[in-house]
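# Okay, sequence plus prediction incoming.
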Amino acid sequence: MTTVTTEASQALVGQPIEAADTPALYVDLDALDHNASLMAQRASEQGVAWRPHVKASKSPDLAKRLLASGAQGITCAKVGEAEAMAAGGIDDILIANEIVGPQKIARLIAVAQQARLCVAVDDPRNIEELSQAASEAGITLDVLVDINIGANRCGVTPEAAPALARAVLDAPALNLRGLMGYEGHVVGISDLEEKEAKSQIAAEIFAEARRQVEAAGIEVGIMSGGGTGNYWFNIAMGAANELQAGGGVLLDRTYQEKMRVPDHRQSLFVQAQIVSTTVPGRAVADAGWKTSGMHTGLPLCVAPEGVEVLGLNAEHTILSLADGVTVTPGDRITMIPNYSDSTMLLHRTLYAVRNGTIEAAWPISAAGALQ
């Protein structure tokens with residue numbers, strides 16, 4: 001089924017997006033390129049490398065587009081994502097997560113034999129696991145020590161960082177590249193003054209971890225972190241020199257309305273079609289929460305005007321029609337997803353569209369890569 005679907009999608013190149021069967025997920029290339037260039041430029045102006053996270057986009061072809069826009073490698077959340085990216089030709093990958101246990105570590109090592117791979121650690125036992133597996137495979141694995149900078153999810157305190165960094169240095173087949181810290185507790189804050197203040201606190205914790213490690217005589221190269229929701233603050237505060245933010249290239253309602261990401265353009269869209277108009281003042285389209293997800297909220301209908309999303313069922317979008325607005329079965333609607341992370345993983349193809357015409361059909365090969 002996947003092969004047939006991919007072949008059918010590729011056959012649509014050169015046709016209008018309306019030729020794609022619905023629901024169809026697509027990205028506007030002009031907006032995507034604007035967002036990617038903006039993030040890369042902002043990072044570069046602060047002397048920060050850009051290593052965008054692809055946990056939202058999950059497509060090696062899109063990742064290559066970001067590399068062409070100035071990214072210096074990519075970031076993944078799971079080994080499965082890294083496997084898909086390496087298979088798609090991406091050769092510089094950070095897994096911004098702790099990878100634990102023999103099954104996952106064996107797969108991690110296999111990826112490291114295809115691409116330069118870096119992984120986060122926050123536990124001495126995990127360091128021993130990684131060291132043993134890398135030694136047995138005859139490779140060197142890059143490592144970042146994960147610092148808890150306020151999210152209270154993973155990572156060690158600045159005071160515990162030197163001992164963990166020393167453990168990495170002393171472990172065979174591991175290469176300490178630096179530190180990682182993610183301010184996940186900050187990115188979703190809507191109030192910009194509060195967001196900036198808490199970003200500064202997180203940056204100070206991160207900088208303190210560097211001071212502690214360097215005071216122990218250990219060199220720190222990479223200071224990696226940052227999410228789309230506060231990236232413009234993160235890169236200006238002097239603690240990080242590598243930016244992981246990447247989801248903002250697929251601007252959605254959450255990034256724009258809640259996280260208030262500045263100067264980006266809406267780039268990710270879902271096109272659906274009307275399937276029923278039997279209820280007065282309402283219409284139903286063929287794209288439910290299995291198309292767009294809904295854990296953060298509803299999508300926004302942007303075309304035609306006067307159509308509002310009232311709710312989502314598994315396979316249906318329930319729409320309200322403003323006075324004077326009429327639609328008929330077969331008509332198309334265009335929606336902006338509420339959150340790209342909840343949308344991309346539900347699809348297998350992302351259409352790359354410019355001025356309404358499909359220029360490429362990109363497989364979302366890391367969809368479902370949860371392991």
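Ah, there it is. All of these numbers come straight from a predicted model, not from anything done at the bench.
# where do the strands sit along the stretch 101-250 of the chain?
Secondary structure of the stretch 101-250 of the chain, counting by DSSP state E, counting those that start in this stretch: strands at 116-121, 141-147, 174-181, 222-225, 242-243.
# Using TSV, please lay out the ones you listed together with mean pLDDT and mean neighbour count.
Glycine gets a C-beta too; all of them are placed from N, C-alpha and C. Below are these laid out as TSV (pLDDT from 0 to 100; neighbours: other C-beta atoms under 10 Å):
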stretch	mean pLDDT	mean neighbour count
strand 116-121	98	24
strand 141-147	98	27
strand 174-181	98	24
strand 222-225	98	24
strand 242-243	98	28
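# ok, now which ones touch Q371?
Shown in contact with Q371 (C-beta atoms under 8 Å, 6 or more residues apart in numbering): 78-80, 104.
# among these, who's most crowded?
Each of these was scored by neighbours using other C-beta atoms under 10 Å; the highest score is V79's, at 24 neighbours.
# which residues sit in contact with that one?
Applying C-beta under 8 Å, 6+ apart to V79 gives the contacts 95, 99, 104, 107-108, 111, 371.
# cool, A314 as well?
By C-beta under 8 Å, 6+ apart, A314 lies in contact with 288-290.
# Quick check: it vs V275, distance?
14 Å (C-beta to C-beta, to the nearest Å).
# now A24
Plainly put, A24 is 15 Å away from V275 if you go by C-beta to C-beta.
# So if I had to pick from those two, which one is more boxed in?
Taking other C-beta under 10 Å, A24 and V275 do not tie; A24 has more neighbours (26 against 17).
# Secondary structure element holding the closest residue to the more buried one other than its chain neighbours?
Among residues not flanking A24 along the chain, Q271 sits closest, at 4.6 Å (C-beta to C-beta, 6 or more residues apart in numbering). In this structure, Q271 sits in strand 268-276 according to DSSP states H and E.
# which residues sit against that strand?
With contacts defined as C-beta under 8 Å, 6+ apart, strand 268-276 is touched by 17-18, 20, 22-28, 250-252, 283-287, 291-292, 299, 302, 316-317, 319, 327-337, 340, 343-344.
# one more time with 7 Å
For strand 268-276, the surrounding residues in contact (C-beta atoms under 7 Å, 6 or more residues apart in numbering) are 17, 22-28, 250-252, 283-287, 291-292, 299, 317, 327-337, 340.
# Ok, stretch 321-328 next?
274, 277, 281-283, 306-307.
# Mean confidence (pLDDT) on that stretch, please.
Stretch 321-328 carries an average pLDDT of 97.
# buried residues in that stretch?
Neighbour-count burial for stretch 321-328, counted by 16 or more other C-beta atoms under 10 Å, picks out 321, 327.
# all helices of the stretch 201-350 of the chain, in order?
Using DSSP state H, counting those that start in this stretch, the helices of the stretch 201-350 of the chain run over 231-234, 253, 289-292, 340-344.
# Run through the neighbouring helices and strands of the second one.
If contacts are counted by 3 or more C-beta pairs under 7 Å, 6 or more residues apart in numbering; DSSP states H and E, helix 253 sits against no helix or strand.
# all strands for the stretch 251-371 of the chain, in order.
Using DSSP E, counting those that start in this stretch, strands in the stretch 251-371 of the chain cover 268-276, 282-285, 300-303, 307-312, 317-321, 332-336, 349-354, 357-363.
# and A87, which of those strands is closest to it?
strand 357-363 (10.6 Å; C-beta to C-beta).
# For that closest one, the averaged confidence score.
So the average pLDDT for strand 357-363 ends up being 98.
# Give me the distance from that strand to the chain's centre.
20 Å (C-alpha atoms, centre = their mean, to the nearest Å).
# Please apply the same query to stretch 27-41.
Counting by C-alpha atoms, centre = their mean, stretch 27-41 comes out at 14 Å from the chain centroid.
# Buried ones only from the contacts of stretch 321-328, please, as a PyMOL command.
The buried subset of the contacts of stretch 321-328, as determined by 16+ other C-beta under 10 Å, is captured in PyMOL by this line:
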select buried, resi 274+277+283+307
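# Export the strands of the stretch 251-371 of the chain as CSV, with columns for distance to L117.
Shown next, in CSV, are the strands of the stretch 251-371 of the chain (distance: least, C-beta to C-beta, whole Å):
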stretch, distance to L117
strand 268-276, 28
strand 282-285, 42
strand 300-303, 38
strand 307-312, 38
strand 317-321, 40
strand 332-336, 34
strand 349-354, 25
strand 357-363, 22
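# for those strands, which one sits closest to S199?
When the strands of the stretch 251-371 of the chain are compared for distance to S199 using C-beta to C-beta, the nearest one is strand 268-276, at 25.2 Å.
# So for the closest one, what gets flagged as buried?
In strand 268-276, counting by 16+ other C-beta under 10 Å, buried: 268-275.
# any idea how far the residue lying closest to G281 once chain neighbours are set aside lies from L312?
Nearest residue to G281 in three dimensions, chain neighbours excluded: L321, at 5.5 Å (C-beta to C-beta, 6+ apart). Distance, L321 to L312, using C-beta to C-beta: 17 Å.
# now do T254
Counting by C-beta to C-beta, the gap from T254 to L312 is 15 Å.
# Check L38 too.
According to C-beta to C-beta, L38 stands 31 Å off from L312.
# What's the separation between A240 and G73?
Distance, A240 to G73, using C-beta to C-beta: 15 Å.
# Actually, L25.
For L25 relative to G73 (C-beta to C-beta), the value is 25 Å.
# Those two: which is more packed in?
L25 (24 against 20).
# you'd agree that one is in a helix?
No - per DSSP: H, G, I helix; E, B strand; the rest coil, L25 lies outside any helix segment and is strand.
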